[in-house]
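[1] Just to be clear, the model below is a prediction. Sequence and coordinates:
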Amino acid sequence: MLVLRGRILELSPACPPGRVRRTATARGTRLVATLLHCPRGSARLHVQATIAPGCQLMRGTARVRGTRRAFRAARSTCGDGRLDAGGGERCDGAQLGGATCATLGFGADGTLGCGTDCTFDVRACGRCGNGRIDPGEVCDGYAVTAVCENGGRAVCRPDCRGLDLANSCRDVTGPCGDGMREGGEQCDGSDTPGCQALGFDAGLAACRMDCTVDPSGCTRCGNGQKEPGEPCDGADLGGASCPEGGTLRCADDCSQLDRSGCFFCGNGRREGDEECDGGDLGGAGCDAPAERGGELRCTMDCRLDRLGCWRCGNGNREPGEQCDDGNRSSGDGCSADCTSECGDGVVEGPEECDDGNVVLNDGCSFCSLDTLFGGGGAEETDCNLAWGVAGVPAAPAVGCTDGDASCDQGSSAGDCAFHVTLCLNVAARLATRCVPSGIARVALAAESLAGPAALEPSAQAAVLDTLTAALEWAPGTTVVREGTTLTATPPMTRYADVCRPLAVVVPARATRTVALLVTDPQERVDADAIAFSCAPAP
């Protein structure tokens, strides 16, 4: 039994009491306690729990020696069958706390009971003087088997072992108030018939001044009215109810409230509005849309916990998934059903390249370029921007023949479509001593803007669009375009190896140069350029 008295918590009888910290929260009163020498040894029991508003229900966890268990405790009340001596109960149902008729000073014979008010019911205990002939007694008070011929009353001796001949069979004309029920008197003082003799079930009758019986203290179970000494009667439950729903009933003998129909989260049965209860999941499983199995659990407040279910789109790669990027969208490298899009020949999402396979060391391995080219800038800034070209090694000058599928990624005749990957803030994939520090600005250089190898305006816009997407991939960074210059605010500093694809289309017998100036927050510039040439088809 878990007992809370003020700031003292006790798990009786297993653990000595300990102090508890109490904190008021919106969901109730939170308790934290550590009980030493529990259970009656060297272990420590750590308890964390919350008492719901109304103080009728406590839920929490108990941890000892690495083992954690959830528990639920309802507030003890008279009639719940649990003896709460600290709460003033002397007994509760069949729980008598070891008491018997003998320990209470009655005879050894008889059966001790418990009243509906959780006090001892000694009516079935044998005791001389209770006005009832119990086992071993010849008589008791006026309860005798002898009959007086004069109409008087036979009286029992004080030891209940025989008749008091001196006081028996007296005349019946004694006055009301002499303590003996005579003549037409219904009662006289303590000589008053019990409630059961009057047709009631329990209670205590009284005697009025005129020697008539006052039965107001008697109760009759079944009249539908809760009377003194009864916790309930029929539908009259005295305002009691099930804290978590269900049906509260009254026992047939009005002796206690029947809580068997109440819903309790934690009893292992799914009831009322509970989604689950312990191992009773109501037939539910990890079968919701996009779920592929896993373990469905039940929380302490009887709600389904789907965190253990394998679900496409949760950002965790789980059994049956090739990838999981935290969404259910295709075209970003990981499809809507969590299969990898690498190897489909289309550069998507974080892919640097996609050569239609997942073969190693063929220039594009698992959609990552095998090598990157620094672009020809100064060594200390060369990691600001790095390049990759699908099908051919990246170099200051790259050539391809129209229709050569190894490097011409397009399908139209008369030009070469180079698949280029631009990577900003490259961390460790270049043979250089450069340490990436971030990107503040990117601009097209003169070779791309004027001259025989200059890019067309649409190609210039495509380069700037690709770099804008790379810079704005960093959360919180915005890009402002002024002419052919991009300014990142704030500079992209927290992320490395941010790559985006770019298609560079070059007419046959022509050359196009992509030249870029990439500036870090320290105003150091990485000046890179690659000239792309296309030879006509043979």
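    Nice, thanks for sending it over. Numbering: from 1, shown residues only.
[2] And residue 287, how far from residue 303?
    Noted for residue 287: a distance of 17 Å to residue 303, by Cβ to Cβ, to the nearest Å. Any C-beta I mention is one placed from the backbone N, CA and C, and that applies to glycine too.
[3] got it, and residue 68?
    Here the criterion is Cβ to Cβ. By it, residue 68 lies 19 Å from residue 303.
[4] again with residue 419
    Distance from residue 419 to residue 303, counting by Cβ to Cβ: 50 Å.
[5] These two - which one has more neighbours?
    More neighbours surround residue 419 than the other of residue 419 and residue 303, with 22 against 14 (other Cβ atoms under 10 Å).
[6] That one contacts residue 391, doesn't it?
    Yes - with contact defined as Cβ atoms under 8 Å, residue 419 reaches residue 391; the gap is 7.4 Å.
[7] what residues do these two have in common as contacts?
    Common contacts of residue 419 and residue 391 (Cβ atoms under 8 Å, 6 or more residues apart in numbering): residue 409.
[8] give the contact list for residue 177.
    188, 189, 209, 211.
[9] Quick check: bridge partners of the first one?
    Looking back up the chat, that one is residue 188. Note on residue 188: beta-bridge partners by DSSP bridges are residue 191.
[10] neighbours of it, just the number please.
    By other Cβ under 10 Å, the residues close to residue 188 number 19.
[11] these two touch, right, it and residue 176?
    Yes - contact criterion Cβ under 8 Å: residue 188 and residue 176 qualify, at 6.2 Å.
[12] shared neighbours, these two?
    residue 211.
[13] for the stretch 51-200 of the chain, what spans make up the strands?
    Under the criterion DSSP state E, counting those that start in this stretch, strands of the stretch 51-200 of the chain are mapped to 57-64, 67-74, 113-114, 120-121.
[14] now for the second one, which elements pack on it?
    For strand 67-74, the elements it packs on are strand 57-64, judged by 3 or more Cβ pairs under 8 Å, 6 or more residues apart in numbering; DSSP states H and E.
[15] and the residue nearest the centre of the chain, what does it touch?
    Taking Cα atoms, centre = their mean, the centroid of the chain lies closest to residue 299, which sits 4.1 Å from it. Contacts for residue 299 (Cβ under 8 Å, 6+ apart) come out as residue 305.
[16] In the stretch 201-350 of the chain, mark out all the strands, start to finish.
    Using DSSP E, counting those that start in this stretch, the strands found in the stretch 201-350 of the chain span residues 202-203, 206-207, 213-214, 218-219, 249-250, 257-258, 291-294, 297-298, 304-305, 309-311.
[17] Let's have these in TSV, adding mean neighbour count, distance to residue 413 and mean pLDDT.
    Conversion of these to TSV gives the following (neighbours: other Cβ atoms under 10 Å; distance: least, Cβ to Cβ, whole Å; pLDDT from 0 to 100):
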stretch	mean neighbour count	distance to residue 413	mean pLDDT
strand 202-203	21	107	71
strand 206-207	17	118	87
strand 213-214	16	118	88
strand 218-219	22	106	78
strand 249-250	21	89	89
strand 257-258	20	90	86
strand 291-294	16	46	84
strand 297-298	20	61	88
strand 304-305	16	60	90
strand 309-311	21	47	88
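[18] Make CSV out of those and add distance to residue 239.
    Shown next, in CSV, are these (distance: least, Cβ to Cβ, whole Å):
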stretch, distance to residue 239
strand 202-203, 21
strand 206-207, 28
strand 213-214, 28
strand 218-219, 18
strand 249-250, 13
strand 257-258, 11
strand 291-294, 45
strand 297-298, 32
strand 304-305, 34
strand 309-311, 43
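[19] Leaving out the residues flanking it, which one is nearest to residue 196?
    In space, not counting the residues next to it along the chain, residue 196 is nearest to residue 202; the distance is 7.5 Å by Cβ to Cβ, 6 or more residues apart in numbering.
[20] what's near enough to touch that neighbour?
    Applying Cβ under 8 Å, 6+ apart to residue 202 gives the contacts 115, 116, 195, 196, 218, 219, 221, 229.
[21] which of those count as buried?
    Among these, the ones that count as buried by 16 or more other Cβ atoms under 10 Å are 115, 116, 195, 218, 219, 221, 229.
[22] How about the contacts made by the first one?
    Counting by Cβ under 8 Å, 6+ apart, residue 115 makes contact with 91, 121, 202, 229.
[23] Which two among these are spaced furthest apart?
    Every pair in the contacts of residue 115 was compared (Cβ to Cβ); the two farthest apart turn out to be 91 and 202, at 15.3 Å.
[24] returning to what we had before: with respect to residue 248, which of the strands of the stretch 51-200 of the chain lies nearest?
    With Cβ to Cβ, the closest approach to residue 248 among these belongs to strand 67-74: 12.5 Å.
[25] What strands flank that closest one, and is each parallel or antiparallel?
    Using DSSP bridges, strand 67-74 pairs in its sheet with strand 57-64 (antiparallel).
[26] Alright, calling it a day.
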